[in-house]
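Q: Generate a structure from the sequence data that follows.
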Amino acid sequence: MISRLLSGLLVFSRVVICLREVPMLKKIFISAILLLAVTCFILSLLKGNNSPKPVLPTSSYVTVININGTITTGEEDGGLLETSGTGTSAETLMKEIRAAGEDKSVKALLLRINSPGGSVTAAEEVGRELARFKETTNKPIVASMGDVGASAAYWLAACQSDKIYADASTLTGSIGVYMPYMNTEELFKKIGISSGKIKSGVHKDILSPDRQMTPEERAILQKMVDEMFDQFVTTVATGRKMSPEQVRKLADGRVYTGKQAKELGLVDELGNYYDALAATGKLAGLGDKPLVKSPSGKKRWDFIFNAQLKNMLKQAVTEVLQGQVKQGPATLQVKG
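A: Residues are numbered from 1 along each chain as shown. I've put the predicted structure just below:
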């Protein structure tokens with residue numbers, strides 16, 4: 001199906017290029033036919049092809065949830081045309097976790113983490129969905145960290161997992177919160193730029209880069225950071241069965257190796273993905289070689305309607321229409 005889509009897009013782009021050589025009225029007619037053909041093509045993909053779908057036998061599985069790159073809120077733009085994975089959206093993770101919770105054949109979750117962290121809000125949203133999975137199914141959750149599982153990624157590993165696995169060289173921890181800001185006031189002065197603003201309240205332009213932060217504003221922001229940090233500490237303390245005081249001693253923002261994290265109680269076992277999968281299977285009563293089921297949170301056509309593909313189609317149609325506008329007056333002048 002992917003090859004069919006790529007072939008269709010290639011034909012579409014070639015036709016758009018050819019349309020630049022066609023008079024205006026023919027362009028309008030061909031554009032209408034082209035848009036109808038693209039619509040029919042996409043609808044045929046949504047209906048599926050004639051090849052039979054593989055049907056999984058009725059059995060019991062472990063669902064592996066992959067958490068890669070920066071964790072953010074909102075929908076992912078990625079899909080078929082994405083050249084590289086830059087992160088994971090909370091929306092995608094929540095859909096996958098909820099789908100696993102509603103699937104009777106799924107007996108456990110394995111979180112495969114390779115992420116430096118991300119948004120506090122994203123971690124909170126996904127953590128709440130993991131808690132809901134645990135409360136409604138009472139099924140085990142295991143976390144397995146690869147190269148890195150730090151900051152918000154460690155938040156997700158710690159919040160509901162029955163066991164956390166890491167390699168000895170994994171970078172983890174980084175328990176903390178920070179809020180970056182920049183001050184360009186002196187730079188603006190050097191290049192002769194001055195700025196002003198009309199605001200509704202004294203703190204409306206807090207974190208504005210063109211002026212110094214006031215002590216009162218710093219206190220406001222520090223209170224926000226402290227509040228989020230307390231939430232992080234509480235989450236780790238609850239998940240790891242440690243006291244908040246114990247966690248705070250480790251939570252100065254530094255990262256730990258997997259080996260150090262195990263010695264400090266932040267990780268349960270040293271091992272790779274397959275070690276974690278075997279442990280997940282045992283906790284779920286499936287043995288040490290459980291069957292793995294891919295997440296079903298994404299609809300099969302999600303990859304078609306991603307932002308990049310929509311922008312590509314929009315750009316192609318816009319080029320056609322702009323060609324009509326540009327050549328229209330010229331054609332009329334020649335005929336006149």
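
Q: how about low-confidence regions in the stretch 151-300 of the chain?
A: By pLDDT under 70, the weakly predicted segments of the stretch 151-300 of the chain are 296-300.

Q: which residue sits closest to Ser60, ignoring its sequence neighbours?
A: Lys107 (4.8 Å; CB to CB, 6 or more residues apart in numbering). C-betas here are computed from N, CA, C, even on glycine.

Q: what about that neighbour, which SS state?
A: strand (DSSP: H, G, I helix; E, B strand; the rest coil).

Q: What distance do you get for it to Lys282?
A: 11 Å (CB to CB, to the nearest Å).

Q: For the helix or strand hosting Thr63, name the packing helices and strands.
A: Using DSSP states H and E, Thr63 falls within strand 61-68. When contacts are defined as 3 or more CB pairs under 8 Å, 6 or more residues apart in numbering; DSSP states H and E, strand 61-68 packs onto strand 87-89, helix 90-102, strand 106-115, helix 273-283, strand 291-293.

Q: got a list of contacts for whichever helix or strand comes after that strand?
A: Per DSSP H and E, the first helix or strand lying C-terminal to strand 61-68 is strand 70-72. By CB atoms under 8 Å, 6 or more residues apart in numbering, the residues outside strand 70-72 that reach it are 86-90, 93, 115-119, 122-123, 126, 152-153, 156.

Q: Filter those down to the buried ones.
A: 87-90, 93, 115-119, 122-123, 126, 152-153, 156 (16 or more other CB atoms under 10 Å).

Q: before we move on, the earlier item: pipe the helices and strands packed on strand 61-68 into a markdown table and attach distance to Val177 per row.
A: Listed next are the helices and strands packed on strand 61-68 as a markdown table, based on distance: least, CB to CB, whole Å:
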| stretch | distance to Val177 |
| --- | --- |
| strand 87-89 | 19 |
| helix 90-102 | 17 |
| strand 106-115 | 16 |
| helix 273-283 | 27 |
| strand 291-293 | 34 |
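
Q: Pick the most deeply packed of the ones you listed.
A: Greatest average neighbour count among those goes to strand 106-115 (a mean of 24), per mean count of other CB atoms under 10 Å.

Q: Adjacent strands (with direction) for it?
A: In the sheet, strand 106-115 lines up against strand 61-68 (parallel), strand 141-150 (parallel) (DSSP bridges).

Q: Beyond it, next helix or strand please.
A: helix 120-137.

Q: Flag every buried residue along that following helix.
A: Under 16+ other CB under 10 Å, the buried positions of helix 120-137 are Val120, Ala122, Ala123, Glu124, Glu125, Val126, Gly127, Glu129, Leu130, Phe133, Lys134, Thr137.

Q: What lies in contact with that helix?
A: By CB under 8 Å, 6+ apart, helix 120-137 touches 71-73, 89-90, 93-94, 97-98, 100-101, 109, 117, 139, 141, 152-153, 155-156, 159-160, 177, 228, 231-232, 235.

Q: let's see 6 Å
A: With CB atoms under 6 Å, 6 or more residues apart in numbering as the test, helix 120-137 has contacts from 71-73, 90, 93-94, 97, 101, 152, 155-156, 159-160, 228.

Q: try stretch 156-173
A: 113, 123, 126-127, 130-131, 134, 140-145, 148-150, 154, 235-236, 239-240, 255-256, 258-259, 261, 267-271, 276, 279.
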